[in-house]
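**Student:** whatever this is, show me its structure:
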Amino acid sequence: MTAECKASEIASKVETSPPDVIVATAEVRVKPGGPRVFRGVPFLTGVGEEELADDIANYLKSGG
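**Tutor:** Numbering: from 1, shown residues only. Presented below is the predicted three-dimensional model:
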């Protein structure tokens with residue numbers, strides 16, 4: 001499942017429906033042991049987009 005939310009809503013979303021990863025364009029902090037956070041700026045700029053997509057895919061394939 002994919003969900004979109006504001007950075008200020010992430011903490012409550014993580015508590016109610018923990019994601020496998022978070023892709024954020026703003027600074028995001030999660031509790032230790034929480035989901036892995038990836039910086040999503042490459043998806044906005046196109047610079048490094050493929051590498052980021054590969055990093056996320058590899059992380060998910062590895063079982064996180």
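
**Student:** pLDDT on stretch 38-56, on average?
**Tutor:** Mean pLDDT, stretch 38-56: 98.

**Student:** run the chain-centre distance for it.
**Tutor:** Chain-centre distance of stretch 38-56: 11 Å, with C-alpha atoms, centre = their mean, to the nearest Å.

**Student:** which residue is the nearest non-sequential neighbour of E27?
**Tutor:** Of all residues not flanking E27 in the chain, A7 sits nearest, at 7.5 Å (C-beta to C-beta, 6 or more residues apart in numbering). To be clear about C-beta, it is placed using only N, CA and C from the backbone, and glycine gets the same treatment.

**Student:** tell me where the protein has helices.
**Tutor:** Ranges of helices in the chain, per DSSP state H, are 10-16, 41-45, 49-61.

**Student:** need those in CSV (columns: mean neighbour count).
**Tutor:** Formatted as CSV, these follow (neighbours: other C-beta atoms under 10 Å):
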stretch, mean neighbour count
helix 10-16, 13
helix 41-45, 13
helix 49-61, 12
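
**Student:** export the ones you listed to JSON lines and tack on distance to T2?
**Tutor:** Listed next are these as JSON lines, based on distance: least, C-beta to C-beta, whole Å:
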{"stretch": "helix 10-16", "distance to T2": "12"}
{"stretch": "helix 41-45", "distance to T2": "13"}
{"stretch": "helix 49-61", "distance to T2": "12"}
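
**Student:** alright, that wraps it up for me.
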